[in-house]
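Visitor: Here is a sequence together with a model predicted from it:
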Amino acid sequence: MSQVNEHHAPSTPGKLKPEKSPYIHHRLRIHSSLSKLTLWSSFFLAFILFLFILSPPSPSASPRRALGDSWGGSHWEKRVAKSARRSTSSSLTVLVTGAAGFVGTHVSLALKRRGDGVLGLDNFNRYYDPNLKRARQRLLDRAGVFIVDGDINDAVLLRKLFDVVPFTHVMHLAAQAGVRYAMQNPGSYVHSNIAGFVNLLEACKNANPQPSVVWASSSSVYGLNSKVPFSEKDRTDQPASLYAATKKAGEEIAHSYNHIYGLSITGLRFFTVYGPWGRPDMAYFFFTKDILKGKQITIFESPDGGTVARDFTYIDDIVKGCLGALDTAKKSTGSGGKKKGPAQLRIFNLGNTSPVPVSELVAILEKLLKVKAKKKVLPMPTNGDVKFTHANISLAYRDLGYRPTTDLETGLRKFVKWYLEFYSKKSSW
Ligand SMILES: O=C(O)[C@H]1O[C@H](OP(=O)(O)OP(=O)(O)OC[C@H]2O[C@@H](n3ccc(=O)[nH]c3=O)[C@H](O)[C@@H]2O)[C@H](O)[C@@H](O)[C@@H]1O
C-alpha cells in the first residue's frame, strides 16, 4: 500500500487533486493489484528463505570455513611443509585429498611409513559421524601426517598448498560416496565429485611442476553392464545411480585434462572396499552395528529372487593397488598450464575377483560376532543398486603388480576386531 501512496505523492506537496477520471481509477486498481502481488511475492520469498535455512546442510559444507579461514599463517605453513617432507630425494611428495576418509587414512599411513612426504586435506563433512573422521585424524597425527581442514572446492587454498609444497603426486580420494544417498542429496555429488574434481585438476594443471594424479573412480561405473567379470574395456555408459554417473563423468573429465594440459592421470575403480576404520554408511559396517544391537537388518535380493553379490575388496589390498598406481605413474608433461607433449592416462579395476552374496556376508558376520542376525529379505530397491559386481584385474596385475590376497572372512575378522575395540568403552579414541 505504501508504494501506491509513494507513487502518487506529488513532487510538489499539496498539488495532488482528487480526480475522478476512470483512467485514474483503473491505474489505481492496477497499482493496488501490483502492490498486493509484491506483498505476496515478498511473503513467498521469505517462506523460501525460511525453508532454505531449515534445510539440512550439504554434507560437503565445511562449517569451520563459514566462520573464517581455518588455514594460513606461518605456523600453519611450517606444519604443512613438515608433514610433506620426504625422507629421500627418490621418495614421493603426495597430497592426499579425503585423508580423514577410510581409504585416505590407510593410504596416507602406508605412504608415510615408507618415507614419502604426505599432506592430507579433508573437509570433515557430516555425511557420516565426524567423530570417526577426527579419530582417524588423531591416528594420522601420531604418524606425522597433518590434515589441512579445507575443501577441494577452495581454489585459493589449493593454490596456497601448491605454493608451499612442490607435490610430485596427488592421491585424490575426497568424494561424496554412497550409492543410495545420491537420491537424497544429488547436489552434494555434483559439488564434490564433479565441481571439486575440476577445481583440483585446475590447481594441478597450473602447478609447477605439475603433479601426477591418481584418483578414485568406482566399480559402479559398470552400471547395468552384465558381462562378467567386468573389464576396463567393457561399456560404462549405463550408470544405475547418480553417484555412478558422477564417477563416470570424472573419468571423462580426467580424459580432457590429460588431453589439453598434459596431466598424467590414473583412475582406480574400487570394488566395495571394507575393513578397519571403514565407512559407517556401508552395509558390512551397519550390519555389524545392528546385529550387535539386536536390530533387524534388511538383506536385498534381486527382483527375480536371485542373490545380490559384491566383489568385496579388503582395504590392505586396495592400499597396495593405490601405491602401485602412484609408483608407476609417469610424470605430467605440461608446465605453467600448457601441455608440452602427450601424457599418461590410465584406468584400472581394483577388486578381489571373487564376488560373495550379501547373505553370505551376513553369515560370516554372525559367526564372527557370535550373534544371530534378525533378518528381513526384501527385493533390491531400484535406487541405484546393481545386482552384482565382479572385477577382472588382469590389467592392474600386469601394470601395477596388484594381487589381492585377503578373502572376505579373513578381512571381516580384522574389521570386527577393530570395531569391537574402537567402540568399546575402554577405547582411548
Ligand atoms: O565399489 C563401489 O563402487 C562402491 O561400493 C560401495 O557401494 P556398494 O557396493 O553398494 O556397498 P554397500 O552400500 O555397502 O552395499 C553392499 C551390498 O549390500 C546390499 N545391501 C545394502 C544395504 C542394505 O540395507 N541391505 C543390503 O542387502 C547392497 O545391495 C549391496 O549389494 C560404496 O558405498 C561406494 O561408495 C563404492 O563406490
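Guide: All right, it came through fine. Please read all numbers here as calculations on a predicted model, not as lab measurements. Numbering: from 1, shown residues only.
Visitor: For V96, list each beta-bridge partner.
Guide: G120, M171 (DSSP bridges).
Visitor: show me where the stretch 1-150 of the chain has helices.
Guide: Along the stretch 1-150 of the chain, the segments classed as helices by DSSP state H, counting those that start in this stretch run 2-8, 22-54, 63-66, 74-83, 102-113, 130-142.
Visitor: What's the first helix or strand after the helix or strand harbouring Y243?
Guide: Using DSSP states H and E, Y243 falls within helix 242-261. Next in sequence after helix 242-261, counting helices and strands by DSSP H and E, comes strand 265-270.
Visitor: who does that following strand pair up with?
Guide: Assessed with DSSP bridges, strand 265-270 is paired to strand 212-218 (parallel), strand 345-350 (parallel).
Visitor: quick one, what contacts T246?
Guide: By Cβ atoms under 8 Å, 6 or more residues apart in numbering, the residues touching T246 are 176, 189-190, 193-194. (Glycine included, C-beta is placed from N, CA and C.)
Visitor: Actually, S332.
Guide: Here S332 is in contact with 204, 209-213, 261-264, 343 (criterion: Cβ under 8 Å, 6+ apart).
Visitor: do you know how far it is from F230?
Guide: Relative to F230, S332 is positioned 28 Å away (Cβ to Cβ, to the nearest Å).
Visitor: Please apply the same query to G101.
Guide: From G101 to F230 the distance is 24 Å (Cβ to Cβ).
Visitor: who's more crowded, those two?
Guide: G101 (28 against 24; other Cβ atoms under 10 Å).
Visitor: what's the most distant pair in the contacts of T246?
Guide: Maximum pairwise distance among these (Cβ to Cβ): 9.7 Å, between Q176 and I194.
Visitor: Comparing these two, which residue is more hemmed in?
Guide: Ranked by neighbour count (other Cβ under 10 Å), Q176 and I194 place Q176 first, with 25 against 17.
Visitor: Excluding residues flanking it in the chain, which one is nearest whichever residue of the stretch 51-200 of the chain sits closest to the ligand?
Guide: The stretch 51-200 of the chain approaches the ligand most closely through A177 (3.6 Å), counting by Cβ to the nearest ligand atom. Once flanking residues are discounted, A177 sits nearest to R279: 6.8 Å by Cβ to Cβ, 6 or more residues apart in numbering.
Visitor: Give me the neighbour count for that neighbour.
Guide: 20.
Visitor: And for L365?
Guide: 22.
Visitor: what do you get for H75?
Guide: Neighbour tally, H75, other Cβ under 10 Å: 8.
Visitor: what does stretch 160-169 contact?
Guide: 71-72, 77, 80-81, 84, 92-95, 117, 119, 121, 148, 203, 206-207, 209, 211-214, 326, 329.
Visitor: For the residue nearest the centre of the chain, which residues are in contact?
Guide: Centroid-nearest residue in the chain: A175, 1.2 Å away (criterion: Cα atoms, centre = their mean). Counting by Cβ under 8 Å, 6+ apart, A175 touches 98, 192-193, 196, 216, 247.
Visitor: which of those residues count as buried?
Guide: Buried subset of the contacts of A175 (neighbour count, 16 or more other Cβ atoms under 10 Å): 98, 192-193, 196, 216, 247.
Visitor: Now tabulate those residues in CSV and tack on pLDDT.
Guide: As requested, the buried ones among the contacts of A175 are exported to CSV (pLDDT from 0 to 100):
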residue, pLDDT
G98, 98
S192, 98
N193, 98
G196, 98
A216, 99
K247, 98
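Visitor: Quick one: name the residues of the stretch 51-200 of the chain near the ligand.
Guide: 177-179 (Cβ under 6 Å from any ligand atom).
Visitor: wait, is F300 part of a strand?
Guide: Yes. With DSSP: H, G, I helix; E, B strand; the rest coil as the criterion, F300 is assigned to a strand.
Visitor: Look up the closest residue to it, ignoring the ones flanking it.
Guide: Using Cβ to Cβ, 6+ apart, the closest residue to F300 is M380 (3.9 Å).
Visitor: wouldn't the one you found be in contact with S302 here?
Guide: Yes. Between M380 and S302 there is a contact under Cβ atoms under 8 Å: 5.7 Å.
Visitor: any shared contact partners between the two?
Guide: Joint contacts of M380 and S302 (Cβ under 8 Å, 6+ apart) are 308, 387.
Visitor: out of those two, which sits in the more crowded spot?
Guide: M380 (18 against 15).
Visitor: Please name the residues that touch the more buried one.
Guide: Per Cβ under 8 Å, 6+ apart, neighbours of M380: 300-303, 308, 387.
Visitor: Give me the pLDDT value at it.
Guide: Per-residue confidence (pLDDT) for M380: 92.
Visitor: before we move on, what about I152?
Guide: pLDDT, I152: 98.
Visitor: Using PDB, write out every CA atom in stretch 190-199.
Guide: Provided in PDB are the C-alpha atoms of stretch 190-199 (Å, rounded to 0.1, in the frame of the first residue of the first chain):
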ATOM      1  CA  VAL A 190      27.900 -32.700  -8.200                       C
ATOM      2  CA  HIS A 191      29.600 -30.400  -5.700                       C
ATOM      3  CA  SER A 192      32.300 -32.900  -4.700                       C
ATOM      4  CA  ASN A 193      32.700 -35.400  -7.500                       C
ATOM      5  CA  ILE A 194      32.400 -33.000 -10.400                       C
ATOM      6  CA  ALA A 195      33.000 -29.400  -9.300                       C
ATOM      7  CA  GLY A 196      35.500 -30.400  -6.700                       C
ATOM      8  CA  PHE A 197      37.400 -32.700  -9.100                       C
ATOM      9  CA  VAL A 198      37.600 -30.000 -11.800                       C
ATOM     10  CA  ASN A 199      38.800 -27.500  -9.200                       C
END
